[in-house]
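1. Below is the sequence, then the predicted model.
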Amino acid sequence: MPPSALRRTIPLAAALCCGLWIGACAWRGAPAPSLTDAEFRSLIQTLSEPPGTFDISDNLVSNEPHVAENARRVWRRGGVYVGVGPEQNFTYIASVRPVIAYVVDIRRENRSLHFFYKALFELSSDRADFVARLFSRPRPAGLGAGSSAREIFDRFDAVPPSAEQLQWNAATVRRWLLETRRLPLDSTELAWIDRLFTVFHDSGPSIQFWQARDTEPAPSFRRLMTMPDASGFTRSFLATEEDFRFVKDLHLRNLIVPVVGNFAGPTALRRIGDDIRSRGHRLSVFYGSNVGVYLTREQTRAFCRNLAALPAADDAAFIERDGVQKLSAKLRTCGG
């Protein structure tokens, strides 16, 4: 299309945005180019640090009861997302609609968990197919694009797990990761992914974070996917087909990047900041969970320096376990 014809198709508001504030338009909404499999593998290795020690490696499901409300408060911000931990990242990603996302965790097991999820997203045709693969259960008839998350999980409640489907799922995912995506997974990582299949098969949608260390009951996976926010809307990545497909599309384009890294470490967050700059984007949401409670005073200072070094938008948000604040406000009190 000639430039003159293209200009005639752009509404005045969009023309003003792209003409007067082109930088803001770029970080808010411009789609990031897909990463090739080779680029994806290289980026994971380049950004990652050696894994650290953490006393809870079986952190397979979020234990945070306010994910839906937090997601409401960061809705449709665009830009870049950086987070930590397991599946709650997908709910935040579905709400934020970033151009690229990085999930950073000190545990190598968490990176394997995200490879596991990457394969499930890419192989699944829709939400019901994803749930069937995740929990190794046959898909109930009658579920479609218009089904609510609650209806999907209600229907799966009546379906027992299948050992045959478990074996098929595990083999299919292993082939996908090793032969299609060509990820350099060693025997320890592959064994961990096999274990993930067994745990989700055995526990089903009622799977929860290990509660012994919590002061309040942790929500189940089913609850996390179906809980409403304060306005009554379900916000999980399985709330609608649109939300699911957004996350699936980022995975297909290799734009959800799992990184082994320490928030207080010397390189991971710094390298992520450099990668964001090189792509011409800016951080819009940082999800830190409650990682701060596990850091020493000196580690907290290092984390604050790393956080401040990220190329962030003026209105970037910082999500903690129980709420959302501006990143600028977090930095003013960070380490204090």
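-> Great, that's in hand.

2. ok, for Gly204, nearest residue in space, not its chain neighbours?
-> Phe135 (5.5 Å; Cβ to Cβ, 6 or more residues apart in numbering). No exception for glycine: its C-beta is placed from N, CA and C like everyone else's.

3. where do the helices sit along the stretch 201-336 of the chain?
-> Remark: helices assigned in the stretch 201-336 of the chain by DSSP state H, counting those that start in this stretch are 221-226, 241-252, 268-278, 297-308, 327-333.

4. Can you check which of those gets nearest to Ser95?
-> Closest to Ser95 of those is helix 241-252 (Cβ to Cβ; 8.0 Å).

5. Mind giving me the packing neighbours of that closest one?
-> Applying 3 or more Cβ pairs under 8 Å, 6 or more residues apart in numbering; DSSP states H and E, one finds that helix 241-252 makes contact with helix 88-96, helix 108-123, helix 127-135.

6. Go again with 6 Å.
-> If you count contacts as 3 or more Cβ pairs under 6 Å, 6 or more residues apart in numbering; DSSP states H and E, helix 241-252 packs onto helix 88-96, helix 108-123.

7. out of those, nearest to Asp322?
-> helix 88-96 (12.9 Å).

8. What mean pLDDT does that closest one get?
-> Here helix 88-96 scores 98 as its mean pLDDT.

9. what's the spacing between Val293 and Asn89?
-> As for Val293, its distance to Asn89 is 19 Å (criterion: Cβ to Cβ, to the nearest Å).

10. again, but for Thr46
-> Counting by Cβ to Cβ, the separation of Thr46 from Asn89 is 20 Å.

11. likewise Ala38?
-> 24 Å.

12. and what of Arg150?
-> Arg150 is 22 Å from Asn89, by Cβ to Cβ.

13. which residues touch Asp274?
-> For Asp274, no contacting residues are found, by Cβ atoms under 6 Å, 6 or more residues apart in numbering.

14. If you could redo that for Arg182, that was the one I meant.
-> Arg182 sits next to Asp37 when contact means Cβ under 6 Å, 6+ apart.

15. Check Pro140 too.
-> 155, 159 are the contacts of Pro140 under Cβ under 6 Å, 6+ apart.

16. One more: the one 10 residues further on?
-> Remark: with contacts taken as Cβ under 6 Å, 6+ apart, Arg150 is in contact with Thr226.

17. ok, 8 Å please
-> If you count contacts by Cβ atoms under 8 Å, 6 or more residues apart in numbering, Arg150 has them with 226, 234.

18. ok, and it, which helix or strand is that part of?
-> Arg150 is part of helix 149-157 when elements are defined by DSSP states H and E.

19. list the buried ones in the next helix or strand after that helix?
-> Sequence-wise, the next helix or strand downstream of helix 149-157 (DSSP H and E) is helix 163-175. Buried residues in helix 163-175, defined by neighbour count with 16 or more other Cβ atoms under 10 Å: 165-166, 169-170, 173-174.
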